[in-house]
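have a look at this prediction, sequence included:
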Amino acid sequence: MSDLAPYAAHESQSRGRRYAERATSYRSEYERDRDRIVHSTAFRRLVYKTQVFVNHEGDLYRTRLTHSLEVAQIARTIARALKVNEGLSEAICLAHDLGHTPFGHAGQDALNECMRDFGGFEHNLQSLRVVDELEEHYAEFNGLNLTFECREGILKHCSYSNALKLGELGERFINRRQPSLEGQLANFADEIAYNNHDVDDGIRAGLVGVDELTEVPLFFEYHAEVRERYPKLAGRRLVYEILRRMINRLVTDLIDTSAARLRSAGIETAAEVRARAAPLIGFSDSTGTANHALKSFLRERVYKHYKVQRMTSKARRVITQMFGAFVGDPGLMPEEHRATAARLEADLGPAGRARAVADYIAGMTDRYAILEHRRLFDPSERT
Ligand code: MG
């Protein structure tokens, strides 16, 4: 730990856990956070949750679990190179998607729409809710009791109205300030991971081809480089040789640009990082533009592809119909969730009932959601 930069998250300066706990002998506090996340129930569910492609469409697509591992891996490299806290970055990345609904963004948008009159649904806030409230692992408290710094990093975005309810964690959204460098780099690692693996998955699903992808400047550049070096290379190996160069370019640029920004801004402490209005971690202008072009291509050609749109529309219907049925009659939910709905409703009224339903639905995996929907609406299905 001694080679951490002064602006890194140092455990000696941690704002600690909500419930004080004794230190352990063999692990740092942030490593302990990471281990709690890996042992959580929500983490295991990530195996059967997806981002773009639904789990049953094929065994080789990314799931939220493999995505989270890729993000953590990229973040650790960046953290090490910048001499910031690798353990904290890793923990944030492994937890960043714990609050995601089934069916990726389609599911989250549908649930947000359902919850419009009850405070909305934000997946980042739900990730925090999972680690703060919903995990049931400890005798003395709800949630995983993670450190402030890990919770801060997990809460990537948050609306103003929700920030007002979050106390010290919400402050930075109200004051428009930044999180730790470890939290900032986790966001970029997330983006680098999904942009590149969605290219791979998009090709695998037959939604886009290598030729079309050469419209993307970043892909074009490395396609040319790889073809020059290996003129006969084709298929999967060609794609992977291009993608690993793209990831390397993005990661290297991010490290170099961020290190230069930290130097030129004369940043010396983690407090100075948090006092700033704009992130210190970032791409150079040219790489940022190239990355943006890649994102635009994916949005237009992969995420809006009719096959993806069909799945999106099915997902929206499944979530919306289940929500309506459960809110209309919480007695249709399994006992544990029915009891939670009664408890939250007693506290918060109809918004409490709706929140319990949203928690139940958000916790479902893709395949559980499909099965549960069938059990609710298909009379020939066992209940
Ligand atoms: Mg992610």
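Now that the structure is in, tell me what you want to look at. Numbers count the residues shown, from 1 in each chain.

just the C-alphas of stretch 78-85, formatted as CSV.
Listed next in CSV are the C-alpha coordinates belonging to stretch 78-85 (Å, rounded to 0.1, in the frame of the first residue of the first chain):
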residue,chain,number,x,y,z
ILE,A,78,-5.8,1.7,-14.6
ALA,A,79,-5.8,2.0,-10.8
ARG,A,80,-2.3,0.4,-10.5
ALA,A,81,-0.9,2.6,-13.3
LEU,A,82,-2.2,5.7,-11.6
LYS,A,83,-1.1,4.5,-8.1
VAL,A,84,-4.6,4.8,-6.7
ASN,A,85,-6.4,2.2,-4.6
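
around the ion, which positions in this protein sit nearby?
Selection of the chain residues close to the ion by CB under 5 Å from the ion yields Asp97, Asp190. For every residue, glycine as well, the C-beta is placed using N, CA and C.

residue ranges with poor pLDDT in the chain?
Across the chain, residues meeting the criterion (pLDDT under 70) sit at 1-2, 53-60.

domain map for it?
11-307, 308-377 (automatic domain parsing).

give me the element the closest residue to the ion within the stretch 101-250 of the chain is part of.
Residue of the stretch 101-250 of the chain nearest the ion, by CB to the ion: Asp190 (4.2 Å). In this assignment (DSSP states H and E), Asp190 forms part of helix 181-204.

distance from that helix to the middle of the chain?
10 Å (CA atoms, centre = their mean, to the nearest Å).

could you do stretch 363-383 as well?
For stretch 363-383, the distance to the chain centre is 26 Å (CA atoms, centre = their mean).

still on that earlier bit, format the domains of the chain as a markdown table; extra columns: distance to Ala5 and mean neighbour count.
Formatted as a markdown table, the domains of the chain follow (distance: least, CB to CB, whole Å; neighbours: other CB atoms under 10 Å):
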| stretch | distance to Ala5 | mean neighbour count |
| --- | --- | --- |
| domain 11-307 | 4 | 18 |
| domain 308-377 | 37 | 18 |
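
now those as TSV including distance to Leu4?
Formatted as TSV, the domains of the chain follow (distance: least, CB to CB, whole Å):
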stretch	distance to Leu4
domain 11-307	6
domain 308-377	35
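
packing partners of the longest helix along the chain?
Identified as the longest helix of the chain according to DSSP state H is helix 235-264. With contacts taken as 3 or more CB pairs under 8 Å, 6 or more residues apart in numbering; DSSP states H and E, helix 235-264 sits against helix 64-82, helix 181-204, helix 217-229, helix 285-298.

quick one: that helix to helix 217-229, angle?
120 degrees (axes from the mean of the first three to the mean of the last three CA atoms, to 10 degrees).

helix or strand right after helix 235-264?
Assignment by DSSP H and E places the next element after helix 235-264 at helix 270-274.

what is that following helix packed up against?
Using 3+ CB pairs under 8 Å, 6+ apart, helix 270-274 sits against helix 181-204.

need the contact list for the residue nearest in space to the middle of the chain.
Ranked by distance to the mean C-alpha position of the chain (CA atoms, centre = their mean), the top residue is Asp97 at 3.3 Å. Shown in contact with Asp97 (CB atoms under 8 Å, 6 or more residues apart in numbering): Leu46, Lys49, Arg64, His67, Ser68, His123, Ser127.

state the three-state secondary structure for it.
For Asp97, the assignment made with DSSP: H, G, I helix; E, B strand; the rest coil gives coil.

do the one 4 residues further on as well
Three states are possible here, and by three-state DSSP the one that applies to Thr101 is coil.

who touches the closest residue to it other than its chain neighbours in this structure?
Excluding the flanking residues, the one nearest Thr101 by CB to CB, 6 or more residues apart in numbering is Gly107, at 3.5 Å. When contacts are counted by CB under 8 Å, 6+ apart, Gly107 is found next to His100, Thr101, Ala315, Arg316, Ile319, Ala369.

can I get those in TSV with distance to Val210?
Conversion of the contacts of Gly107 to TSV gives the following (distance: CB to CB, whole Å):
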residue	distance to Val210
His100	30
Thr101	32
Ala315	29
Arg316	31
Ile319	35
Ala369	34
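
tell me the two of those that are most distant?
His100 and Arg316 (15.2 Å; CB to CB).

give me the angle between the helix holding Asp190 and helix 285-298.
Using the same axes, to 10 degrees: helix 181-204 against helix 285-298 is 40 degrees.

who does whichever helix or strand comes after helix 181-204 touch, helix- and strand-wise?
Going down the chain from helix 181-204, the next helix or strand is helix 210-213, by DSSP H and E. Using 3+ CB pairs under 8 Å, 6+ apart as the contact test, the elements touching helix 210-213 are helix 181-204, helix 217-229.

which other helices and strands contact the longest one?
Spelled out, it's helix 181-204. So helix 181-204, by 3+ CB pairs under 8 Å, 6+ apart, packs with helix 64-82, helix 86-95, helix 148-154, helix 210-213, helix 235-264, helix 270-274, helix 285-298.

what's the angle from the helix holding Asp190 to helix 64-82?
Orientation check (the same axes, to 10 degrees): helix 181-204 against helix 64-82 gives 130 degrees.
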